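1. need coordinates for the following:
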Amino acid sequence: MKYRGVLFDIDGVLYTGGKVIDGAPAILDDLRAHDIPFRCISNTTRSSRATIAQRLEKMGFSISAEHIFTPAVAAASYLISAGIYRCLFLTAHDVMEDMMISGIESTGKDAGAVVVGDAGDRFTYNMMNEAFRALISGAELIALERDRYWMDEDGLSLSAGPFVAGLEYASGVHASLVGKPYREFFEAALHSLGYSASEVLMVGDDIITDIGGAQAAGIDAALVRTGKFREELFRESGIDPDYIIDSVLCLYDIIA
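-> This next block holds a predicted model:
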């Protein structure tokens, strides 16, 4: 095999719009049969990794929570290393679990950091204004991800990036990014696999965060034409994937 391990984005690669990519569970089972380990490295910030694992199981995938890397897990590590234990969370409630179990407290007062993920309908004026006030009072701004949009069941939808940019513009505080394309995020998954960057392939649907981020970390990357892939955005990105495939079903054309 050309690669000894594989990293997968989840939404847009294994499923899209809540629908499983035909044959994707069998691809993962086949990797196991050939003793090729894999990890899921996702910018999903609406669910804890336990919830993600449960959702995937219902779709026919068998992936343990420990093999799912999310920005929330990376954020918890970052916050603890920085000595920050009180945060204002502008995220989905479920995502807070991966940080709070590490000892991070959710608070609206004296927050040391504002943590922003894809909060969906929680992105209200009041929540954004509370975050803004915390930032101008000295809190750090932590972005779980900066994706512009994602493919929801009813079409493309705004992700966290536009809201992070708005808070940066209003407060003058630059966000620290802990999700893709953050290099250390990829390196944590590589460490879990036990392989070097040159031995692993990344498979994703986002030309910037998945493909550009992986290549910046020294990892070969395959862009799939599923999920939020858009030909015009790919052409405009200036990023040259190592491979372009129609879907994850074509994976063995690369790694064999």
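2. and the helices in the stretch 151-256 of the chain?
-> Counting by DSSP state H, counting those that start in this stretch, the stretch 151-256 of the chain has helices at residues 161-171, 183-193, 213-216, 231-237, 252-255.
3. packing partners of the first one?
-> If I follow you right, that is helix 161-171. strand 113-116, helix 125-136, strand 140-143 (3 or more C-beta pairs under 8 Å, 6 or more residues apart in numbering; DSSP states H and E). Where C-beta positions appear, they are placed from N, C-alpha and C, glycine not excepted.
4. re earlier: export the helices of the stretch 151-256 of the chain to JSON lines and tack on distance to residue 77 and mean pLDDT?
-> Supplementary listing: the helices of the stretch 151-256 of the chain in JSON lines, determined by distance: least, C-beta to C-beta, whole Å; pLDDT from 0 to 100:
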{"stretch": "helix 161-171", "distance to residue 77": "19", "mean pLDDT": "97"}
{"stretch": "helix 183-193", "distance to residue 77": "8", "mean pLDDT": "91"}
{"stretch": "helix 213-216", "distance to residue 77": "18", "mean pLDDT": "96"}
{"stretch": "helix 231-237", "distance to residue 77": "29", "mean pLDDT": "88"}
{"stretch": "helix 252-255", "distance to residue 77": "30", "mean pLDDT": "88"}
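5. deepest-packed of those, please.
-> Of all the helices of the stretch 151-256 of the chain, helix 213-216 carries the top mean neighbour count, a mean of 22, counting by mean count of other C-beta atoms under 10 Å.
6. ok now it, how far from the chain's centre?
-> 14 Å (C-alpha atoms, centre = their mean, to the nearest Å).
7. contacts for it next, please.
-> For helix 213-216, the external contacting residues (C-beta atoms under 8 Å, 6 or more residues apart in numbering) are 7, 180-183, 185-186, 202, 204, 220-221, 239, 242.
8. surely residue 88 is in a strand?
-> Yes: when classified by DSSP: H, G, I helix; E, B strand; the rest coil, residue 88 is found to be part of a strand.
9. just give the nearest non-adjacent residue to it, would you?
-> Excluding the flanking residues, the one nearest residue 88 by C-beta to C-beta, 6 or more residues apart in numbering is residue 111, at 4.1 Å.
10. tally of neighbours for the one you found?
-> Residues lying near residue 111 (other C-beta atoms under 10 Å) number 24.
11. is it correct that it falls within a strand?
-> No: per three-state DSSP, residue 111 lies outside any strand segment and is coil.
12. can you give me the pLDDT of it?
-> Looking at residue 111, its pLDDT is 95.
13. then residue 3?
-> So residue 3 comes in at 94 (pLDDT).
14. so what's it closest to, chain neighbours aside?
-> residue 201 (4.4 Å).
15. check contacts around that neighbour.
-> 2, 3, 5, 6, 7, 219, 220, 221, 222, 254, 255.
16. now with 6 Å, please.
-> Residues near residue 201 by C-beta atoms under 6 Å, 6 or more residues apart in numbering: 3, 6, 220.
17. show me what contacts residue 133?
-> So residue 133 contacts nothing (C-beta under 6 Å, 6+ apart).
18. in this protein, what helix or strand scores lowest on average pLDDT?
-> strand 149-152 (a mean of 80; mean pLDDT, DSSP states H and E).
19. what pairs with that strand, and is each one parallel or antiparallel?
-> When sheet partners are counted by DSSP bridges, strand 149-152 sits next to strand 155-158 (antiparallel).
20. if we can go back for a sec, out of the helices and strands packed on helix 161-171, which is the most enclosed?
-> Comparing the helices and strands packed on helix 161-171 by mean neighbour count (mean count of other C-beta under 10 Å), strand 113-116 ranks first with a mean of 27.
21. give the pairing partners of it; include direction for each.
-> Partners of strand 113-116 in the sheet, by DSSP bridges, are strand 86-90 (parallel), strand 140-143 (parallel).
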